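Novice: missing the sequence, but the structure's below:
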């Protein structure tokens with residue numbers, strides 16, 4: 001079964017065709033990082049206009065590469081949320097038009113759920129498992145009992161981990177996007193140079209606003225000196241990853257699950273991956289780096305495993321339901 005996926009929830013325009021939720025047939029992606037880097041973050045109106053300019057060409061290129069008759073598709077899936085409403089509507093409008101024109105089912109895909117499904121590509125992963133989704137907008141621990149049934153066990157109460165990375169990177173003058181920049185600087189630094197606090201939150205939830213403030217106060221106290229950027233980056237990253245790792249493993253053990261899945265943009269973080277890879281009793285899965293960021297491959301995979309046809313009147317949503 002072939003599914004076409006479209007992704008436009010933020011600043012990546014992506015289109016892909018995936019077979020049986022596991023094999024990529026064709027894909028295209030255009031990132032807007034260079035466009036938004038001068039602003040230090042994504043400008044929604046600019047992002048939406050850029051999506052509108054390129055999405056039709058990407059669809060045509062993917063169909064040409066795959067040599068697939070659109071009418072033979074099992075479905076056309078797109079991210080309907082959460083995300084930026086203006087950008088989501090570009091992808092959703094394109095998907096609706098294609099579904100109507102080719103008389104193919106339209107499927108709605110949740111962005112966070114799709115990130116987890118990136119782990120099905122070229123693997124034999126099957127539920128049950130515990131997933132840690134870490135991105136610019138979300139930080140969640142989810143328990144997948146089946147391909148369709150997932151429960152949120154814990155989540156951030158304020159900043160997402162990826163958002164904290166962006167803010168700290170800006171504070172340290174490392175540029176945008178913050179995740180890769182902090183990871184690179186941290187590799188040169190001492191993670192024990194500064195003992196930044198973990199967010200004191202009970203249970204499986206997270207908080208990163210206090211950590212961000214602690215870094216800010218430390219930087220302010222170091223004004224007038226040569227700022228130890230690499231040590232600050234390493235210490236901040238260690239504080240984030242300590243709590244992400246500890247709470248995820250605790251949930252996995254409490255659920256009696258031996259498989260842990262990492263997903264989302266921060267899933268590309270080298271230190272976080274090493275922590276999970278170090279456990280001998282946990283079967284660890286993480287997407288290829290190219291599938292950690294927003295992409296259409298994960299959308300098409302999610303459509304295969306959990307997608308259900310929706311009417312052409314379906315709407316987009318900005319916050320997770």
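Specialist: Perfect, I can see it now. Here the structure is a predicted model, which is why all the values come from computation and not from measurement.

Novice: Give the burial count for residue 104, as a bare number.
Specialist: Residues lying near residue 104 (other C-beta atoms under 10 Å) number 20. (Glycine included, C-beta is placed from N, CA and C.)

Novice: ditto for the one 4 residues further on
Specialist: Here the count is done by other C-beta under 10 Å, and residue 108 has 22 residues near it.

Novice: Now do the domain split for the chain, please.
Specialist: 2-118+292-306, 126-286 (automatic domain parsing).

Novice: Comparing these, which comes out most buried?
Specialist: Compared across the domains of the chain, domain 2-118+292-306 shows the largest average neighbour count, a mean of 21 (mean count of other C-beta atoms under 10 Å).

Novice: Identify whichever of the domains of the chain lies nearest to residue 318.
Specialist: domain 2-118+292-306 (5.1 Å; C-beta to C-beta).

Novice: re earlier: dump the domains of the chain to CSV, plus distance to residue 318 and mean pLDDT.
Specialist: Putting the domains of the chain into CSV (distance: least, C-beta to C-beta, whole Å; pLDDT from 0 to 100) gives the following:
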stretch, distance to residue 318, mean pLDDT
domain 2-118+292-306, 5, 96
domain 126-286, 10, 94
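
Novice: quick one: the residue positioned nearest the centre of the chain from residue 244, how far?
Specialist: What sits nearest the mean C-alpha location of the chain, by C-alpha atoms, centre = their mean, is residue 264, with 2.6 Å. As for residue 264, its distance to residue 244 is 11 Å (criterion: C-beta to C-beta, to the nearest Å).

Novice: shared neighbours of these two, which are they?
Specialist: Residues touching both residue 264 and residue 244 (C-beta atoms under 8 Å, 6 or more residues apart in numbering) are residue 134.

Novice: still on that earlier bit, right, so of the domains of the chain, which gets closest to residue 319?
Specialist: The minimum distance between residue 319 and these falls on domain 2-118+292-306, with 5.3 Å, by C-beta to C-beta.

Novice: Okay, helices next: where are they in the stretch 151-300 of the chain?
Specialist: All helices of the stretch 151-300 of the chain, identified by DSSP state H, counting those that start in this stretch, fall at 161-171, 178-186, 209-221, 229-254, 270-277, 296-306.

Novice: Residue 90: what's it in contact with?
Specialist: The contact partners of residue 90, taken as C-beta under 8 Å, 6+ apart, are 8, 48, 51-52, 55.

Novice: Please list all residues in contact with the residue nearest to it when sequence neighbours are not counted.
Specialist: Nearest non-adjacent residue to residue 90, counting by C-beta to C-beta, 6 or more residues apart in numbering: residue 51, 4.1 Å away. Going by C-beta under 8 Å, 6+ apart, residue 51 touches 8, 13, 87, 90-91.

Novice: hang on, the earlier thing: which two of the contacts of residue 90 have the greatest separation?
Specialist: Farthest apart among the contacts of residue 90 by C-beta to C-beta are 48 and 55. That separation is 10.7 Å.

Novice: returning to what we had before: so can I have a markdown table of the contacts of residue 90 showing secondary structure?
Specialist: Converted to a markdown table, the contacts of residue 90 look like this (DSSP: H, G, I helix; E, B strand; the rest coil):
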| residue | secondary structure |
| --- | --- |
| 8 | coil |
| 48 | helix |
| 51 | helix |
| 52 | helix |
| 55 | helix |
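
Novice: Would you mind putting those into CSV with distance to residue 310 alongside?
Specialist: As requested, the contacts of residue 90 are exported to CSV (distance: C-beta to C-beta, whole Å):
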residue, distance to residue 310
8, 17
48, 22
51, 21
52, 22
55, 20
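
Novice: if we take those, which one ends up nearest to residue 204?
Specialist: Taking C-beta to C-beta as the measure, residue 204 lies nearest residue 8 of the contacts of residue 90, at 31.0 Å.

Novice: Let me know whether the closest one touches residue 86 as I believe.
Specialist: No. Contact criterion C-beta atoms under 8 Å: residue 8 and residue 86 do not qualify, at 9.5 Å.
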